[in-house]
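Undergrad: below is the structure, and that's it, no one-letter string:
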């Protein structure tokens, strides 16, 4: 069968790649066309129609600034979907773009599957009514999403969380330090996000930690859509290493981590790295978010557990001094560190076992045949 898959950012690229691998095992004649990144390219041995480096815009203001690029990509994608004539359009998160494609596909009688629900439970919950009309099957990865959609008379499939698959399948490198020229000092991992806006706002605050932790080495997890030179503009010659495509190894080797809100907070928790969650954006975006967002927390760890499992430093609190204070507590306060790790255990119990990618692929194939 022919599958058109759309993932608009790095986490979607990871989950899309794992799902493609499972689909190929079930459907030996699978053909792919996709918007995604390097991981989906490796899984399919084909280049993306549009790379995520051209699509990963975050926040109201950043999207508004890049609206021409967004509309251009949308127009190109619609034409490409019709040209490819897929049996199924598979959408991964990325709602602003993907829900428009879902409506377009339904008008052209193309089956629409949505893997990883848009976070409409956080804001604009009425979007569920639109999803019910334009999506044939929804596959959820967060336990509480099933009950959320029931409020809108929607039956959805809970498939588990694909990060469990990604981490289980990952082969950790015992020579991570040696291979990256790192010494024996304890590591503080810096995960500043994968979007330009996040990096511009958050990375300078994280870089300044260098002066407050002289006995530690800071290591940045580089995003695939930026190169080393981009990060070195921020590090300014400081002895801060940057590693690419080794985030899991970095987290495994770190004493603690400062993690930008997003999928990475869940990855750090599943790898059992004590973390502080950070986030900073355009002031207007944050102001709008406070009006619209309906949830108490921003990190997936806290949202899934339903209580403050890891500390969140947002906007004004996302500054070098407050981040440093929280990291120091995570490193030096054994009781506090233990409590965070115990919260991670509760999270793992709620998420269940690996197998989301396989289950999603099986259900897609089942619903098509």
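TA: Arrived safely, thanks for sending. As the structure is a computational prediction, the values presented were derived from the model and not from experiment.
Undergrad: would you map out the domains in the chain?
TA: 2-161+353-368, 176-351 (automatic domain parsing).
Undergrad: mind putting these in JSON lines, distance to residue 167, mean neighbour count and mean pLDDT included?
TA: (C-beta placed from N, C-alpha, C; glycine too.) Below are these laid out as JSON lines (distance: least, CB to CB, whole Å; neighbours: other CB atoms under 10 Å; pLDDT from 0 to 100):
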{"stretch": "domain 2-161+353-368", "distance to residue 167": "8", "mean neighbour count": "19", "mean pLDDT": "90"}
{"stretch": "domain 176-351", "distance to residue 167": "5", "mean neighbour count": "18", "mean pLDDT": "92"}
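Undergrad: and residue 360, what does it touch?
TA: 19, 22, 115, 139, 157, 159, 162 (CB atoms under 8 Å, 6 or more residues apart in numbering).
Undergrad: which pair in these spans the largest distance?
TA: Spatial extent of these (CB to CB) is set by the pair 22 and 157 at 14.7 Å.
Undergrad: the strands in this structure, which residues?
TA: 2-7, 31-36, 50-51, 88-92, 111-115, 137-140, 157-158, 187-191, 217-222, 241-244, 254-260, 275-279, 312-314 (DSSP state E).
Undergrad: can I get those strands in JSON lines with distance to residue 354?
TA: Below are the strands of the chain laid out as JSON lines (distance: least, CB to CB, whole Å):
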{"stretch": "strand 2-7", "distance to residue 354": "20"}
{"stretch": "strand 31-36", "distance to residue 354": "22"}
{"stretch": "strand 50-51", "distance to residue 354": "28"}
{"stretch": "strand 88-92", "distance to residue 354": "18"}
{"stretch": "strand 111-115", "distance to residue 354": "16"}
{"stretch": "strand 137-140", "distance to residue 354": "15"}
{"stretch": "strand 157-158", "distance to residue 354": "14"}
{"stretch": "strand 187-191", "distance to residue 354": "22"}
{"stretch": "strand 217-222", "distance to residue 354": "22"}
{"stretch": "strand 241-244", "distance to residue 354": "25"}
{"stretch": "strand 254-260", "distance to residue 354": "22"}
{"stretch": "strand 275-279", "distance to residue 354": "21"}
{"stretch": "strand 312-314", "distance to residue 354": "27"}
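Undergrad: of all those, which lies closest to residue 176?
TA: strand 241-244 (8.4 Å).
Undergrad: so what secondary structure elements neighbour that closest one?
TA: strand 217-222, helix 228-235 (3 or more CB pairs under 8 Å, 6 or more residues apart in numbering; DSSP states H and E).
Undergrad: got CSV for those, with distance to residue 91 too?
TA: Rendered in CSV, the data for those read as follows (distance: least, CB to CB, whole Å):
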stretch, distance to residue 91
strand 217-222, 26
helix 228-235, 29
